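Engineer: Got a sequence here, can you build the structure:
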Amino acid sequence: MKSKPHVAVVGAGAFGGWTALHLLEQGARVTLIDAWGPGNSRSSSGGETRIMRGTYGPDQPYTDLAARSLKLWRKYENRWKIKFLHRTGVLWMVSNHDDTFERGSPALLRQAGIPYQELSASAMKKRWPQISFSDVHWGIFEPECGYLDARASCQAVVNAFVSAGGAYREAAVLPDGLEQPPLRFVTLSDGSRLKADYYVFACGPWLGKLFPKTLARIIRPTKQDIFFFGPPAGDSRFTSEHLPVWGDHGKRFFYGIPGSDRRGFKVADDTRGPAFDPTSGERVVSPTTLKRVRDYLAFRFPMMKDAPLIESRVCQYEQTPDSNFIVDRHPQMSHVWLLGGGSGHGFKHGPALGEVMAELILKDGEPCPQWRLPLSDDLRRTRFQ
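Structural biologist: Model prediction:
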């Protein structure tokens, strides 16, 4: 490997931005490219807030990754003197009779060093009377977790990257020739070409469009509707001062973030929505989803039953079949890395995953087996030929 390789990172969201910054800090020369800018409203890292939690069930790499991200979020907050992580705590409510997922979480939380409490329904009722726990059996509370400022942190990462000497360009990478090995350069929407020693494509929902042969059947963008409801004037019971971030694992999985930064009470149904085009899709919420969320709000937060909808937005998940990330080399080009498949839970892991990616590239490492590409027999036979 050259003493100072040039790495082109495509995508300045949570995965790409942090990867570019870590590569730069570890001595690489890095060019970061994004079509519409960090945290833009088309991106999966757009919007204002994301959840930071470590509860993930048994047999997975994400609790350890979340623990490392918690340390890195604090490190960079201190370095930049900006607060991104709001430690309101995260409450995981178990209203599903099959609680295998939750029962498998505490051991990994302990192992990773993420503080948590197991709470009975009566203890939760006493602590958070704003919530109806009528069908909740028990819960997990993570006091050191909470929510992250999404768009703002994406921009801060790119600002730090540029200040440290990284090159940032706002342009789209064209798909022409990306899957015709060997990849010697990428063509940008301004007509220029960019040549690098390594390429990292962290393009979220656009990965399947750039690499249709490899990823179109693996990464599926889905439409996800998000709603913000307005609590009564002067009522702080539904703000981050008095409520944690929460997730409710029942027949459906609902989650929410209490009112913050003068925004409303955020609620969403995590059920995967229909296929969605991140470039040209109309970002209009579904009336059916709104009714379902309103019904849930009236059930779980009765005092918010008639709260007005004050804001809504449409984002997307770049969903993989098993909800695991994709972190792997292109099957026919060892200098091309594919990084994505956040599947609705990726944002929190950005700092740690960027660190992992920098190590993989600069030290020629091998990714976590759960993040490898599921290859067809034809692709396996031609890998790196």
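Engineer: List the residues that contact the closest residue to residue 218 other than its chain neighbours.
Structural biologist: The shortest distance from residue 218 to any residue that is not its chain neighbour, by C-beta to C-beta, 6 or more residues apart in numbering, is 5.9 Å, and that residue is residue 320. C-beta here means a position set from N, CA and C on the backbone, and glycine is covered the same way. The contact partners of residue 320, taken as C-beta atoms under 8 Å, 6 or more residues apart in numbering, are 218-220, 326, 341, 343.
Engineer: Please apply the same query to residue 336.
Structural biologist: Taking C-beta under 8 Å, 6+ apart, we find residue 336 in contact with 183, 198-199, 201, 329-330.
Engineer: quick one: which of those has the most company?
Structural biologist: Neighbour counts for the contacts of residue 336 were taken using other C-beta atoms under 10 Å; the highest belongs to residue 201, which has 27 neighbours.
Engineer: if we can go back for a sec, select from the contacts of residue 336 every entry located in strands.
Structural biologist: Secondary structure of the contacts of residue 336 is defined by DSSP state E; positions in strands are 198-199, 201, 329-330.
Engineer: Closest one of the residues you listed to residue 13?
Structural biologist: Set against residue 13, the nearest of those by C-beta to C-beta is residue 201 (11.8 Å).
Engineer: helix, strand or coil for the residue lying closest to residue 354 once chain neighbours are set aside?
Structural biologist: Distances taken as C-beta to C-beta, 6+ apart place residue 18 nearest to residue 354, at 2.8 Å, with adjacent residues excluded. Using DSSP: H, G, I helix; E, B strand; the rest coil as the criterion, the local structure at residue 18 reads helix.
Engineer: I'd like to know how far residue 18 sits from residue 356.
Structural biologist: When C-beta to C-beta, to the nearest Å is applied, the distance between residue 18 and residue 356 equals 10 Å.
Engineer: How many neighbouring residues does the closest residue to residue 146 other than its chain neighbours have?
Structural biologist: Of all residues not flanking residue 146 in the chain, residue 88 sits nearest, at 4.0 Å (C-beta to C-beta, 6+ apart). Other residues near residue 88 number 22, with proximity taken as other C-beta under 10 Å.
Engineer: ditto for the one 3 residues further on
Structural biologist: Counted with other C-beta under 10 Å, residues neighbouring residue 91 total 26.
Engineer: So in terms of bridging, what pairs with it?
Structural biologist: Residues in a beta bridge with residue 91, per DSSP bridges, are residue 141, residue 246.
Engineer: Please name the nearest non-neighbouring residue to residue 276.
Structural biologist: Once its chain neighbours are removed from consideration, residue 276 has its nearest residue in residue 223; the separation is 3.8 Å (C-beta to C-beta, 6+ apart).
Engineer: helix or strand for the one you found, which one?
Structural biologist: strand 220-229 (DSSP states H and E).
Engineer: So which elements touch that strand?
Structural biologist: Strand 220-229 is packed against strand 265-269, helix 287-300, strand 309-319, with contacts defined by 3 or more C-beta pairs under 8 Å, 6 or more residues apart in numbering; DSSP states H and E.
Engineer: Kindly calculate the angle that the last one makes with helix 287-300.
Structural biologist: Regarding strand 309-319 and helix 287-300, their directions subtend 110 degrees when assessed with axes from the mean of the first three to the mean of the last three C-alpha atoms, to 10 degrees.
Engineer: Of all the helix elements in the chain, which one is longest?
Structural biologist: Using DSSP state H to define each element, the chain has its longest helix at helix 62-80.
Engineer: Give me the contacts around that one.
Structural biologist: 52-56, 83-85, 105, 108-109, 111-114, 144-145, 148, 156, 160, 345, 348-353, 355-356.
Engineer: which element follows that helix toward the C-terminus?
Structural biologist: Scanning forward in sequence from helix 62-80 by DSSP H and E, the next helix or strand is strand 85-86.
Engineer: Show me what that following strand is packed against.
Structural biologist: Contacts of strand 85-86 with other secondary structure elements, assessed using 3+ C-beta pairs under 8 Å, 6+ apart, are made with helix 62-80, strand 146-149.
Engineer: Out of the ones you listed, which one sits most buried?
Structural biologist: Among the helices and strands packed on strand 85-86, strand 146-149 has the highest mean neighbour count (mean count of other C-beta atoms under 10 Å), at a mean of 22.
Engineer: what pLDDT, on average, does that one get?
Structural biologist: Per-residue pLDDT values across strand 146-149 average out to 97.
Engineer: Tell me the buried residues in the following helix or strand past it?
Structural biologist: As assigned by DSSP H and E, the chain's next helix or strand after strand 146-149 is helix 150-163. By neighbour count on 16 or more other C-beta atoms under 10 Å, the buried set for helix 150-163 is 150-158, 160-161.
Engineer: Point out the other helices and strands that the next helix or strand after helix 150-163 packs with.
Structural biologist: Next in sequence after helix 150-163, counting helices and strands by DSSP H and E, comes strand 167-170. Contacting strand 167-170 under the criterion 3+ C-beta pairs under 8 Å, 6+ apart are the following elements: strand 29-34, helix 150-163.
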